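Q: Sequence and predicted structure are below.
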Amino acid sequence: MNIIIWSQESGIIAVCIPTGEVAIEDVIAKDVPSGVVHKITNVESLPLPLDDKFFDAVRMNGNSLVVDLDAAKTIALNEINNNARIESRKRLENASIGIENSPDDNTWLSIINAKRAAVNNATTIEELRNT
């Protein structure tokens, strides 16, 4: 399946998936901002699937698509921090009604910090997936 991609101001690529009902050139004229460099490519040629949690780390580098590891690390850290916030609320609620948390708070914080360190030390997307 052919798709149209271009880089947005944020650096994140935009993806347009034509339905095939109109010519791809007409879709480009309608949907791609004027003056923006775009590329028609096959969805299978993307470095990551469209539904991958790290897809927003894909960047256009000239005519190529690459995964920006620093952007992927930011995505991974945001996920860890969001999950930690949710868990922290549950742990506070438990403590307020006398339910003991397991693991204990110090162990839990050590686990979170180890995940953050693993993200910071990652050198590939696969390493980030394992955090």
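A: All right, it came through fine.
Q: Just list the residues touching the nearest residue to residue 118 once chain neighbours are set aside, thanks.
A: In space, and not counting its chain neighbours, residue 118 is closest to residue 131: 4.5 Å by Cβ to Cβ, 6 or more residues apart in numbering. Yep, even glycine has a C-beta here, placed from its N, CA and C like the rest. Residue 131 is in contact with 76, 80, 115, 118, 119, 122, counting by Cβ atoms under 8 Å, 6 or more residues apart in numbering.
Q: Name the residues that touch the helix or strand hosting the third one?
A: Okay, so that is residue 115. In the assignment (DSSP states H and E), residue 115 maps to helix 105-121. Residues from elsewhere that reach helix 105-121 (Cβ under 8 Å, 6+ apart): 73, 76-77, 80, 84, 87, 91, 101, 103, 127-128, 130-131.
Q: which of those residues lies closest to residue 42?
A: Of all these, the one sitting nearest residue 42 is residue 128; the distance, using Cβ to Cβ, is 25.2 Å.
Q: looking at this, the closest one is in a helix?
A: Yes. Under DSSP: H, G, I helix; E, B strand; the rest coil, residue 128 sits within a helix.
Q: That one: what's it in contact with?
A: Under the criterion of Cβ under 8 Å, 6+ apart, the neighbours of residue 128 are 54, 72, 73, 76, 119, 122.
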